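Engineer: Starting from these lines, generate the structure:
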Amino acid sequence: MIHSPSLFISINTTSTMSWLFSSPRNPDITIKIATLGDPGAGRQHLAMRFTAGVFRPFPPYIGSDYRVKRVTQRGKDVMIELVHCFSLRFGVPPDVLWNTHVVLFVIDLSSSHPLDSLQRCIDAVGDGAQEETIMAVAGTKRDALTEENMENVLRLESVCNEKGILFFSTSAKTGDNVDEMFGSLIDAVIDKIDSQIWLGDGSWINPPPRPPSLIWSVCHLL
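Structural biologist: Numbering: from 1, shown residues only. A predicted model of the protein is given here:
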């Protein structure tokens, strides 16, 4: 773990080590999903619910995190690499989006301005993602929605549809639609593999040059 006055990076050692000891063979497909969003949007909660099946309170933070989960879908042994990008306050490190299959914008549906959050996510990615990369929104905290929020949520979903961004409404607290969302994202990647956008194991046919490393990015921020 790396610490600084305003930044840290953590790796979920427990889930990563359990995968290493329980997975003797390589998966059929490896899918990299990068998440980003405003502090407090629920990136950690969403990842914990998906990878461990639990909800655990976390304070808002601005660091990066890495988790893995192995699932079977459509007859394929699929490894999910879930990478949490740094807070939008710092932007996205240049190598995080490299060879990423899905960029998942995590947006608090109960906030007063979810469309502003979406635009910050889009601006943070810029042209860092490849053309093949799937863009999606994980709308969180649907359990906290009120009638006042619903109009903003409908507008957010409409804008996503216009921009070709997949939209999902979820709750990490209750687990509502979390597994279904990740299942849909896996299906979207497998569909692209079947269309020969990616190779059978999920790797790039013509991988782009790797940008500067995450370590370089951290040193640059410090």
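Engineer: Per-residue pLDDT of H45, please?
Structural biologist: pLDDT, H45: 89.
Engineer: what's around it, how many residues?
Structural biologist: H45 sits with 23 neighbouring residues when counted by other C-beta atoms under 10 Å. Glycine gets a C-beta too; all of them are placed from N, C-alpha and C.
Engineer: what's the answer for the one 4 residues further on, then?
Structural biologist: The local packing count at R49 equals 24, with neighbours defined by other C-beta under 10 Å.
Engineer: repeat for C160
Structural biologist: C160 has 21 neighbours, counted by other C-beta under 10 Å.
Engineer: Confirm that it sits in a helix.
Structural biologist: Yes - secondary structure of C160 (DSSP: H, G, I helix; E, B strand; the rest coil): part of a helix.
Engineer: Can you check what pLDDT the model gives it?
Structural biologist: According to the prediction, C160 has pLDDT 97.
Engineer: Could I get the contacting residues of it?
Structural biologist: With contact set as C-beta atoms under 8 Å, 6 or more residues apart in numbering, C160 has these partners: L118, V137, L166, F167.
Engineer: For beta bridges, what are the partners of the residue nearest the centre of the chain?
Structural biologist: Nearest to the geometric centre of the chain sits T35, at 2.6 Å (C-alpha atoms, centre = their mean). Taking DSSP bridges as the rule, T35 bridges to H84, L104.
Engineer: pLDDT wise, what is it at?
Structural biologist: Note on T35: pLDDT of 91.
Engineer: OK, contacts around it?
Structural biologist: Applying C-beta under 8 Å, 6+ apart to T35 gives the contacts R43, L46, A47, L82, V83, H84, C85, V103, L104, F105, V106, A138.
Engineer: Could you provide those residues in TSV, with additional columns for neighbour count and distance to D176?
Structural biologist: Below are these laid out as TSV (neighbours: other C-beta atoms under 10 Å; distance: C-beta to C-beta, whole Å):
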residue	neighbour count	distance to D176
R43	27	17
L46	25	12
A47	26	16
L82	24	19
V83	21	24
H84	26	21
C85	26	24
V103	27	22
L104	29	17
F105	27	19
V106	26	15
A138	28	12
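Engineer: What is the nearest of those to Y66?
Structural biologist: When the contacts of T35 are compared for distance to Y66 (C-beta to C-beta), V83 wins out at 5.6 Å.
Engineer: one step back: if we take the contacts of C160, which one ends up nearest to I186?
Structural biologist: Nearest to I186 out of those is L166 (C-beta to C-beta; 12.2 Å).
Engineer: what residues are up against the closest one?
Structural biologist: Residues in contact with L166 (C-beta under 8 Å, 6+ apart) are I134, M135, A136, V137, C160, S184, L185, A188.
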